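Chemist: what shape does this take:
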Amino acid sequence: MKFIFGNDFSFNNTKKVSGNLQVYYLDVGQGDAEYIRINDFDILIDAGPKSESDHLLKQLEDKNIDDFEMVIATHPHEDHIGGMSKVFEKYKVENFYMPKVTHTTKTFQNMLKSVSKQGLKVQTLKEGMQFNLGDGAKFDVYSPIKDSYDDFNNYSPIMKLTYGETKLMFTGDAETLAEKEALSRHLKDLKSDVLKFGHHGSSTSSSNEFLKAVSPKYGIISCGKDNSYGHPHKETMNKISKNQIKAYRTDLQGEITLTSDGKNISIKTEK
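Modeler: Numbering: from 1, shown residues only. Prediction:
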C-alpha cells in the first residue's frame, strides 16, 4: 500500500486546559503505550503489541475516552504499533503523527489502512515541532533529526511534555545515537521530572550523558514480565540506582498512573 506522508504542520488546541494532567503508562507486556489526559484532551503514544491489544482496549475503556485528539506512533516496530488497528477501529482519531519512515510488515500496513479509513493522513513528526495544548501545556519534539537511520529505534521521537512547572520526557525506543543528537541541539531543554526510559530499559539507551541532562526524579520502564530480552538490563538498573531515580516498572507494578497539578507530581501503581 502506497501511503503519502503529509508535510504540513498545524496543531493548536482550542479546548481549555485546566485542572490535573494524568498520564497512564499502560501495561501492555513487552511493549509501550502511554495515554495522556488533560481534561477532555486525549493523547495516545504507541499501542503495544498485537497480542496485548484486547488488554490495551480494556485499560482504555476504563477511562471513558470519547476520541483521541492525537495519536502518535513512535516507530514501526510491532511492540509499539501492534494494537493501533484496534484503537482506530474503536475510537475516532483527529490527528495521527509518526516519523517519516516506512516498513513492509503486515502490522505496519494494517495501521496505515486504519489511518486511511478515518480519512486521515500521516503527519510527519520531527525535531523542532511544538504542540500547543493550551494554558501552558505543550509538547516539544527534540528528535528525530536526520532523515534516515539504520536502526528503526532511532526514529523514535524524544519529546518533552510541559504542564505548568512539571516536565515529562517520552522516548519510545530511542537509543544512544538519538539521545546524542538531542543532546547536541537541545542540551539545556532536556531537564525533566519524569523519564520514560528508552527501549524498555535496554542498555542501548539511557546513556550517562542523557541521564545527566534529563536528571529525572522519577523513571518509568515499560516491559513484559520475564521477557526474553532481559529488559530492563542490569546496566540500566545500576544507572537508576547511581542517579537516585525512583523507578516504576510495568512488569512488576502493572499500569502506572501519574498525576500532576502543574506543580506537584504523584504516582500510583496497579500492583
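
Chemist: what does whichever strand or helix holds Lys58 rub up against?
Modeler: For Lys58, the host element (DSSP states H and E) is helix 53-61. Helix 53-61 has contacts (CB atoms under 8 Å, 6 or more residues apart in numbering) with 24, 26-29, 33, 35, 44, 47-48, 82-83, 85-87, 90-91, 255. Yep, even glycine has a C-beta here, placed from its N, CA and C like the rest.

Chemist: ok, Met70 touching Phe131?
Modeler: Yes: Met70 is within contact range of Phe131, at 7.3 Å (criterion: CB atoms under 8 Å).

Chemist: can you report phi and psi for the spatially most central residue of the chain?
Modeler: Geometric centre of the chain, nearest residue: Ile45, 4.2 Å, by CA atoms, centre = their mean. Main-chain dihedrals, Ile45, degrees, to the nearest 10: phi -110, psi 110.

Chemist: surely it meets Leu26?
Modeler: No: in terms of CB under 8 Å, Ile45 does not count as a neighbour of Leu26; the distance is 9.8 Å.

Chemist: what touches both of these two?
Modeler: In contact with both Ile45 and Leu26: Ala33, Glu34, Tyr35, using CB under 8 Å, 6+ apart.

Chemist: from those, which land in strands?
Modeler: Among these, the members falling in strands are Glu34, Tyr35 (criterion: DSSP state E).

Chemist: going by distance to Tyr218, which of the shared contacts of Ile45 and Leu26 wins?
Modeler: Using CB to CB, the shortest approach to Tyr218 within the shared contacts of Ile45 and Leu26 belongs to Glu34, at 13.9 Å.

Chemist: check the burial of that closest one by counting its neighbours.
Modeler: Glu34 has 25 neighbouring residues, counting by other CB atoms under 10 Å.

Chemist: now it. Nearest residue, chain neighbours left out?
Modeler: Ile45 (4.4 Å; CB to CB, 6 or more residues apart in numbering).

Chemist: where does the chain dip in pLDDT?
Modeler: 1-18 (pLDDT under 70).

Chemist: quick one, strands of the stretch 151-271 of the chain?
Modeler: 159-163, 166-170, 194-196, 218-221, 246-249, 256-260, 265-269 (DSSP state E, counting those that start in this stretch).

Chemist: so which elements touch the second one?
Modeler: In this case it means strand 166-170. strand 159-163, strand 194-196, strand 256-260 (3 or more CB pairs under 8 Å, 6 or more residues apart in numbering; DSSP states H and E).

Chemist: tell me which of those strands sits most buried.
Modeler: strand 194-196 (a mean of 25; mean count of other CB atoms under 10 Å).
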